[in-house]
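Q: Sharing a model prediction with you, sequence too.
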Amino acid sequence: MESAESLVTIRLEGKLIGPWGEECRRTWQGVQPELGAKTLRLDLCGVTFVDQSGTALLREIYRASGGEILANSPLTNYFKERIMREVEKTDEEGV
């Protein structure tokens, strides 16, 4: 079990589209330099839709952080599995 001091959570809710994707990117850019040895947790439990650019952003965050993704429904599990699968695929291809 990780302590609160070793964990940073970005909790997303609603639709990750357009301006909300940009807000998420700003949040990630603010958190990234301060992560250090901390684990990033992307909480997608409240997410209802992710567009193509939002998916790309979540892939970028997941790849860069090596963190974990929380999901709690068939829909959010779909988002999680898609992000993880696409990262694994591009890593295998050396992209």
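A: Thanks, I have the structure now. Numbers count the residues shown, from 1 in each chain.
Q: Going by C-alpha atoms from here, please, whenever you check contacts or count neighbours.
A: Fine.
Q: For this protein, give me the ranges with low pLDDT.
A: 1-4, 94-95 (pLDDT under 70).
Q: list the helices and strands the lengthiest strand in the chain packs on?
A: Taking DSSP state E as the criterion, the chain has its longest strand at strand 39-50. When contacts are defined as 3 or more Cα pairs under 8 Å, 6 or more residues apart in numbering; DSSP states H and E, strand 39-50 sits against strand 7-16, strand 68-70, helix 74-93.
Q: Can I get the ones you listed in a markdown table including mean neighbour count and distance to residue 53?
A: As requested, the helices and strands packed on strand 39-50 are exported to a markdown table (neighbours: other Cα atoms under 10 Å; distance: least, Cα to Cα, whole Å):
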| stretch | mean neighbour count | distance to residue 53 |
| --- | --- | --- |
| strand 7-16 | 16 | 9 |
| strand 68-70 | 17 | 18 |
| helix 74-93 | 15 | 12 |
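Q: Please name the residues that touch residue 59.
A: 83-84, 86-87 (Cα atoms under 8 Å, 6 or more residues apart in numbering).
Q: Any chance of a markdown table for the residues you listed, columns distance to residue 42?
A: Converted to a markdown table, the contacts of residue 59 look like this (distance: Cα to Cα, whole Å):
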| residue | distance to residue 42 |
| --- | --- |
| 83 | 11 |
| 84 | 12 |
| 86 | 16 |
| 87 | 15 |
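Q: Can you get me a residue count around the nearest residue to residue 7 once chain neighbours are set aside?
A: Excluding the flanking residues, the one nearest residue 7 by Cα to Cα, 6 or more residues apart in numbering is residue 39, at 4.8 Å. Other residues lying near residue 39 total 18 when counted by other Cα atoms under 10 Å.
Q: Pull the contacting residues for residue 39.
A: 6-8, 65-68.
Q: ditto for residue 51
A: With contact set as Cα under 8 Å, 6+ apart, residue 51 has these partners: 16-17.
Q: Residue 87 versus that one, what's the distance?
A: Note on residue 51: its distance to residue 87, by Cα to Cα, to the nearest Å, is 17 Å.
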